[in-house]
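Asker: Let me see the structure of the following:
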Amino acid sequence: MIRLQSPFRRGMLIAATLLALGLGASPATSAALTLRYGHMNSPSSVAGQQAQMFADKVKEYTNGEIEIQVYPSSQLGKMQEMAEATSTGVIALSHNTAGGTGSLYEPFAALDTPYLYRDVKHLMQVTSIDSPVMKKLNEGLIEAAGVRVLYAYYFGTRNLTANKAVRTPADLAGVKIRALPFPIYMTAVEALGAVPVPVDWSEVPTALATGQVSGQENPVDVVLSNKLYESQSHLMLTGHIMNPEVIIMNNRTWEKLTDAQREAFKRAANETRAKATEMVQSQEADQLAKLKALKMTVIGPEQGLDLEAFRANASKLVKERFADKYGDLYKQIADIK
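Answerer: The predicted model follows:
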């Protein structure tokens, strides 16, 4: 009988392969310590640019003692596999959505709850490494998975794309929409009115091309930098999730750093966090204009999008599925001013 491998076992096998290929953290030498940072985004996206920015700053602020090699575009595995590889220490760093980080420590997924934040300022306050919410989540993450959050930044606000106009949840009845393979995202897509289909980011172009799914949801930066306008005709400004992107590091690797090196990492993290958020915010309007110029039809409230209907759906499902788990956390987040 053939036994299917669990996602964790597949991740462990890939981790072993990467280790055999020398893609983990290299041992310290008199010249430099080399660390690997793997992620799923294209180098041209803000997510890709900020990863390289952080690496460059760490090298500068440690005076060349630490070099971070960045591997974009899922070179080191799928999202879940890279999270697990960071947990085991096969790679030193990776980034993921908060919902994806929840695969390592479940409460992190609460940070990706639909319509959770009042605005970007609120998101940045909640996800500051020094906020009471993040301190508690980070402690749990270290204990559960052996990784720590270095920083989080504003990744963007997720909107729906499809090959038809969508103005209410009823317009998506029976329509298959790609969802990140994590419960909070499956719920968000269901709240849009669609049938959520879990697909790893690396497989999205094929899933759209073959009709496995009829649409997806992501910030405008991702839609533009990955040319999703070539396979999707409509962009709906549902704004259903305001995303923090979470950068994590293997905790054993962190503990091996000197105090001065840790301070250099913190300085690099704070500067990269602020710059990446500024980049996303400053580019959103221009990116939306570029998508319109590329013949994407953009539908917002002015074009009849019933935003309150999507909000109501999301509120109902979140209350049913996550209030018991995350109710206290939601209150703490709401209390942050």
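Asker: Determine which residue lies closest to the centroid of this structure.
Answerer: Residue closest to the mean C-alpha point of the chain, counted by Cα atoms, centre = their mean, is residue 97 at 2.2 Å.
Asker: do you know how far that one is from residue 173?
Answerer: Distance, residue 97 to residue 173, by Cβ to Cβ, to the nearest Å: 26 Å. The way it works is simple: take the backbone N, C-alpha and C, and place the C-beta from them, glycine included.
Asker: follow-up on the earlier one: can you list phi and psi of the residue nearest to the centre of the chain for me?
Answerer: The phi/psi pair for residue 97 (degrees, to the nearest 10) reads phi -70, psi 160.
Asker: Could you shift the numbering so residue one becomes 25, and keep it that way?
Answerer: With the count now opening at 25, the last piece we talked about shows up as residue 121.
Asker: gap between it and residue 180?
Answerer: Noted for residue 121: a distance of 11 Å to residue 180, by Cβ to Cβ.
Asker: which residues are common contacts for the two?
Answerer: Residues touching both residue 121 and residue 180 (Cβ atoms under 8 Å, 6 or more residues apart in numbering) are residue 267.
Asker: what packs against the helix or strand hosting residue 123?
Answerer: Residue 123 belongs to helix 122-125 when assigned by DSSP states H and E. Helix 122-125 sits against helix 103-112, helix 207-215, strand 258-274, with contacts defined as 3 or more Cβ pairs under 8 Å, 6 or more residues apart in numbering; DSSP states H and E.
Asker: and with 7 Å instead?
Answerer: helix 103-112, strand 258-274 (3 or more Cβ pairs under 7 Å, 6 or more residues apart in numbering; DSSP states H and E).
Asker: relative orientation of the last one and helix 207-215 in degrees?
Answerer: Read that as strand 258-274. Orientation check (axes from the mean of the first three to the mean of the last three Cα atoms, to 10 degrees): strand 258-274 against helix 207-215 gives 170 degrees.
Asker: Buried residues of whichever helix or strand comes after strand 258-274, list them for me.
Answerer: Next in sequence after strand 258-274, counting helices and strands by DSSP H and E, comes helix 275-279. Of the residues in helix 275-279, 275, 277, 278 count as buried by neighbour count, 16 or more other Cβ atoms under 10 Å.
Asker: For the last one, which non-adjacent residue is closest in space?
Answerer: Think residue 278. Spatially, and ignoring its direct neighbours in sequence, residue 278 is nearest to residue 172 (5.9 Å; Cβ to Cβ, 6 or more residues apart in numbering).
Asker: Name the helix or strand for that neighbour, please.
Answerer: Going by DSSP H and E, residue 172 is part of strand 171-186.
Asker: do residue 202 as well
Answerer: Element membership for residue 202, per DSSP H and E: strand 200-203.
Asker: how far is that strand from where the chain is centred?
Answerer: Chain-centre distance of strand 200-203: 17 Å, with Cα atoms, centre = their mean, to the nearest Å.
Asker: Let me see the mean pLDDT of it.
Answerer: Per-residue pLDDT over strand 200-203 has a mean of 98.
Asker: buried residues in the helix or strand hosting residue 231?
Answerer: Per DSSP H and E: residue 231 is located in helix 228-234. Buried residues in helix 228-234, defined by neighbour count with 16+ other Cβ under 10 Å: 228, 231, 232.
Asker: Same list (the residues you listed) but as JSON lines, adding pLDDT.
Answerer: Shown next, in JSON lines, are the buried residues of helix 228-234 (pLDDT from 0 to 100):
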{"residue": "228", "pLDDT": "95"}
{"residue": "231", "pLDDT": "96"}
{"residue": "232", "pLDDT": "96"}
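Asker: how about the residues you listed in CSV, adding distance to residue 353?
Answerer: Below are the buried residues of helix 228-234 laid out as CSV (distance: Cβ to Cβ, whole Å):
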residue, distance to residue 353
228, 29
231, 32
232, 34
